[in-house]
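1. Let me see the structure of the following:
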Amino acid sequence: QVQLVESGGGLVQAGGSLRLSCAASGRTFRDSSLGWFRQGPGKERDFVAAISWTTHTYYADSVKGRFTISRDNAKNTVFLQMNSLKPEDTAVYYCALRDGMGSREGSDYDYWGRGTQVTVAS
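-> Alright, predicted model coming up:
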């Protein structure tokens with residue numbers, strides 16, 4: 001059974017930073033691609049960033065230059081460093097895992113975490 005557990009969310013002032021983590025268990029992490037998605041209040045779930053097993057990275061335009069995705073295969077963990085946070089970044093952030101290359105499409109992912117809340121105060 002694959003499990004993904006996010007952590008690191010919280011309340012931060014605009015302009016601040018947070019680092020999200022997602023710990024995976026139950027399968028070979030090294031061969032998997034990981035993605036971060038978010039869902040704001042009253043909004044649909046949106047792609048944020050992804051990292052392939054090759055370490056190729058993908059970003060949504062809205063976070064490019066502010067967020068950085070990375071992975072530590074030894075710790076089965078993927079990270080999302082979020083800098084220069086804005087109130088519009090407020091959302092529940094979800095980690096997802098799939099075989100093959102990273103994808104911007106949530107429907108391509110097989111496993112999901114329960115999410116962690118990020119709130120950015122203006």
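2. all contacts plus neighbour counts: C-alpha atoms, from now on.
-> Noted.
3. List the residues that contact residue 41.
-> Neighbouring residues of residue 41 by C-alpha atoms under 8 Å, 6 or more residues apart in numbering: residue 91.
4. That one: which element?
-> Assigned by DSSP states H and E, residue 41 falls within no helix or strand.
5. how far away is it from residue 88?
-> Relative to residue 88, residue 41 is positioned 10 Å away (C-alpha to C-alpha, to the nearest Å).
6. Buried residues, stretch 102-109. List them.
-> 102, 103, 104, 106, 109 (16 or more other C-alpha atoms under 10 Å).
7. Kindly report the same for stretch 14-21.
-> With burial defined by 16+ other C-alpha under 10 Å, the residues of stretch 14-21 counted as buried are 14, 17, 18, 19, 20, 21.
8. Columns secondary structure, pLDDT and distance to residue 46 on top of those, output as CSV?
-> Converted to CSV, the buried residues of stretch 14-21 look like this (DSSP: H, G, I helix; E, B strand; the rest coil; pLDDT from 0 to 100; distance: C-alpha to C-alpha, whole Å):
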residue, secondary structure, pLDDT, distance to residue 46
14, coil, 98, 20
17, coil, 98, 20
18, strand, 98, 19
19, strand, 98, 19
20, strand, 98, 16
21, strand, 98, 18
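9. Let me know the pLDDT of residue 54.
-> Looking at residue 54, its pLDDT is 91.
10. from the chain's centre, how far out does stretch 105-113 sit?
-> Chain-centre distance of stretch 105-113: 11 Å, with C-alpha atoms, centre = their mean, to the nearest Å.
11. got the CA coordinates for that stretch in CSV?
-> Taking Å, rounded to 0.1, in the frame of the first residue of the first chain, the C-alpha atoms of stretch 105-113 are listed here in CSV:
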residue,chain,number,x,y,z
GLU,A,105,-2.3,16.4,-15.2
GLY,A,106,-3.7,15.3,-11.9
SER,A,107,-5.5,12.4,-13.6
ASP,A,108,-2.1,10.9,-14.5
TYR,A,109,-1.2,10.3,-10.9
ASP,A,110,-2.0,7.1,-9.1
TYR,A,111,-1.5,7.9,-5.5
TRP,A,112,-2.3,11.0,-3.4
GLY,A,113,-1.7,12.3,0.0
